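# Kindly return the folded structure for what I paste below:
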Amino acid sequence: MSKIFQLDPSYDLWLTYSWSNNNHGVCGHIFEVIDYYYILKSHFKVGIFLAEDITWETIEQLIRSKYTFTDAEIEDMRVNTVFNNRPRILRGKNILITDGGVVNMSSVAMYFDNIFYFPCGNKEIKNNDKDNVYVLQDDRVYEPVLKNGINYKKRILFDKLKPVGIPKRQSLVYATKNCRNIDDWGVFKKYGQILAIVNHENKPEPVEGVEFIVPPVENIFDQFDTYVYTPVQRQWDCSPRFIAECKYFNKLVIYHDIDYWDVDHGLYWRWTDIHNDFPSLHLRPDDKIISILKGII
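Numbering: from 1, shown residues only. Prediction:
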């Protein structure tokens, strides 16, 4: 793959998430790209750009497992998705990066009319003096951006999620290697039978009462009735998606060993919105991001 890559300039906007030497794997940022593509494509010519070790076959499997998109809608996504593995120079018209990792991509030169990003993983957003870089952030979570900051919280396309059936009576634990690796499984016995989502790299030896499975997981919300939310090592979860989806599907969420609510503003405010303003988390066809982007690009 070319390290210098030109995205088709006929597209008004490209959606992506950041890349580095390590893959994100199957994560919420993929679904954010899909969600926002679906909403924005009615207003702009939108493309999806992916720069990690992932194939369209994997993406399509995720989409069909999670959403109710028609075959035509999925085909539309396919023809508007472009892959190029970890470019060092990237050019295009406008780009929205859903995970904010652009602040850590110092080795990547990006030449765009405008660069938008949702912050994630950085408590202190790096301000810069560029006129064409915009930070769409929840101002309750992050310190104010000195230049081109826009108050906006990420939302979820609930209306397109597949309905769930009668769930299995077991608890789900995410134990992926990036930030939720678990060494001691004994403490989870009190939650009954456990379905643990792990990666190939950190899949442990068999543990009684625990089934280990590697994503993607087919019809995941049919597989559990209780989600055990476990600590993130950095004590920061920018805008937790899964707990909001659990609310939507009426799953019980247990916050295991979370004693840093005052530190993790991302988790705190997502929990607060789930319990007090859940409709505000729905990504709808008239979402304010449309007018935000139209006012700039």
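
# Low-confidence stretches in the stretch 51-200 of the chain?
Scanning the stretch 51-200 of the chain for pLDDT under 70 picks out the ranges 100-104, 121-128.

# show me where it has strands.
Ranges of strands within the stretch 51-200 of the chain are 81-83, 89-91, 94-97, 109-111, 114-117, 133-137, 149-151, 171-174, 194-197, based on DSSP state E, counting those that start in this stretch.

# Only the buried residues of stretch 45-61, if you could.
Buried positions in stretch 45-61, judged by neighbour count with 16 or more other Cβ atoms under 10 Å: 46, 47, 48, 49, 50, 51, 52, 54, 59. To be clear about C-beta, it is placed using only N, CA and C from the backbone, and glycine gets the same treatment.

# Backbone dihedrals for the residue lying farthest from the centre of the chain, both of them.
The outermost residue of the chain, judged against the average C-alpha position, is residue 208 (31.5 Å), by Cα atoms, centre = their mean. Phi and psi for residue 208, reported as degrees, to the nearest 10, are phi -60, psi 130.

# before we move on, back to that, now for the strands of the stretch 51-200 of the chain, which one comes closest to residue 296?
Among the strands of the stretch 51-200 of the chain, the nearest to residue 296 by Cβ to Cβ is strand 114-117 (5.8 Å).

# Run a quick neighbour tally on the residue nearest to residue 152 when sequence neighbours are not counted.
Distances taken as Cβ to Cβ, 6 or more residues apart in numbering put residue 136 closest to residue 152, at 4.1 Å, once the chain neighbours are dropped. Neighbourhood size, residue 136 [other Cβ atoms under 10 Å]: 23.

# what do you get for the one 3 residues further on?
Around residue 139 sit 13 other residues, with neighbours defined as other Cβ under 10 Å.

# List the residues that contact residue 204.
By Cβ atoms under 8 Å, 6 or more residues apart in numbering, residue 204 lies in contact with 185, 198, 212.

# Which residue ranges of the chain form helices?
Secondary structure of the chain by DSSP state H: the helices cover 28-40, 56-66, 71-79, 242-248, 265-276, 288-294.

# The longest one packs against which elements?
The contact analysis (3 or more Cβ pairs under 8 Å, 6 or more residues apart in numbering; DSSP states H and E) places helix 28-40 against strand 13-16, strand 46-50, helix 56-66, helix 71-79, helix 288-294.

# most tightly surrounded among the helices of the chain?
Burial of the helices of the chain is given as mean neighbour count (mean count of other Cβ atoms under 10 Å); helix 28-40 ranks first at a mean of 22.

# who touches it?
13, 15-17, 24, 46, 48, 54, 59, 62-63, 66-67, 69, 73, 77, 80, 96, 98-99, 118, 120, 154-157, 160, 241-242, 283-285, 287, 289-290, 293.

# quick one on the thing from earlier: quick one, which of the strands of the stretch 51-200 of the chain is nearest to residue 262?
Among these, the nearest to residue 262 by Cβ to Cβ is strand 133-137 (19.4 Å).

# So in that sheet, which strands flank that closest one, and in what orientation?
The sheet places strand 133-137 alongside strand 114-117 (parallel), strand 149-151 (parallel), with pairing taken from DSSP bridges.
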